[in-house]
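Asks: all I have is the shape, not the residue letters:
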């Protein structure tokens with residue numbers, strides 16, 4: 001027997017060992033692992049929801065982040081709720097669903113052989129099939145718009161002022177998120193009880209940042225917020241009238257605002273906005289008192305309301 005013929009079995013065994021080692025060393029793709037985790041998170045969100053928790057909804061999440069929902073729900077509201085829950089899960093880019101709306105079919109009748117009973121087919125499902133074909137994640141990251149700003153202070157010389165003002169929306173997802181505040185407004189500065197009718201104008205220019213908590217309810221979102229920052233104040237003094245006890249200068253001050261905003265999604269790109277809040281500032285004024293300059297603090301609080309519309313950039 002030749003040496004060449006004896007080496008063939010060892011060659012085959014060597015190649016088999018290499019193939020087996022290669023197969024054992026194969027690793028699971030991290031993308032597949034993340035997709036499986038996203039599917040588990042979606043399923044957990046559906047099961048824990050009081051509206052759709054008992055519905056048999058199947059969940060599959062692909063490597064591209066597309067979540068597919070299928071099954072049966074009792075109403076269109078339940079189907080919409082299931083889609084909203086899936087969209088809110090991290091790792092889900094968009095949702096493709098085909099959910100049947102209607103009651104569960106009756107259980108099949110157990111007919112024993114030889115009874116002569118006739119088994120009738122089940123009645124067709126009542127209610128249309130609700131389909132969402134390739135619904136992209138429509139959560140807003142940044143939206144800009146214009147609104148009418150109404151401001152009113154509660155001083156003795158208060159009045160309502162209006163102006164056209166820009167609005168900014170940062171994010172629309174549920175839960176905590178960032179909030180900004182640029183509610184610039186004008187109020188009447190403090191004046192003596194027996195003074196001139198025109199005491200000038202105090203301009204409050206706050207730049208504020210903080211947090212908001214968004215509660216989505218279909219197309220409507222309610223978001224209370226709390227922001228704070230610095231108010232860059234300026235004072236315009238009246239040219240006529242007595243100068244005694246009148247404010248002649250004002251310093252910058254801390255300012256904060258508590259407000260509630262309502263967003264109504266009128267389309268995929270546009271949203272109606274309405275908000276009302278209380279802006280609170282307590283700046284220090286320089287006043288003329290008995291021929292000398294003195295300092296005192298006075299309230300420059302105001303109620304601010306915005307009504308307008310915003311367009312989603314991305």
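Replies: In hand now; what should we look at? All values derive from a computational prediction rather than experimental measurement.
Asks: for this protein, which spans come out with low pLDDT?
Replies: 1-28, 103-139, 154-159, 192-199, 240-245 (pLDDT under 70).
Asks: check contacts around residue 274.
Replies: Residues counted as contacts of residue 274 (C-beta atoms under 8 Å, 6 or more residues apart in numbering) are 261-262, 305-307. C-beta here means a position set from N, CA and C on the backbone, and glycine is covered the same way.
Asks: in the sheet, who's paired with it?
Replies: Beta-bridge partners of residue 274, counted by DSSP bridges, are residue 262, residue 307.
Asks: separation between it and residue 167?
Replies: 10 Å (C-beta to C-beta, to the nearest Å).
Asks: hang on, residue 51 in a strand?
Replies: No. When DSSP: H, G, I helix; E, B strand; the rest coil is applied, residue 51 is found to be coil, with no strand at that position.
Asks: helix or strand: which one has the closest residue to it other than its chain neighbours?
Replies: Nearest in space to residue 51, with sequence neighbours left out and distances taken as C-beta to C-beta, 6 or more residues apart in numbering, is residue 81 at 5.0 Å. In this structure, residue 81 is located in helix 76-87 according to DSSP states H and E.
Asks: report the buried residues of that helix.
Replies: 78-87 (16 or more other C-beta atoms under 10 Å).
Asks: okay if I get these as CSV plus distance to residue 172?
Replies: Below are the buried residues of helix 76-87 laid out as CSV (distance: C-beta to C-beta, whole Å):
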residue, distance to residue 172
78, 22
79, 21
80, 16
81, 17
82, 19
83, 15
84, 12
85, 16
86, 16
87, 11
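Asks: tell me the domain ranges of the chain?
Replies: What automatic domain parsing lists as the domains of the chain is 30-104+118-136, 142-312.
Asks: give me the distance from the shortest one to the chain's centre.
Replies: Which is domain 30-104+118-136. 22 Å (C-alpha atoms, centre = their mean, to the nearest Å).
Asks: and if you look at stretch 287-304?
Replies: Centroid separation between stretch 287-304 and its chain, computed with C-alpha atoms, centre = their mean, is 40 Å.
Asks: okay, how far is it across that stretch, tip to tip?
Replies: 27 Å (C-alpha to C-alpha, to the nearest Å).
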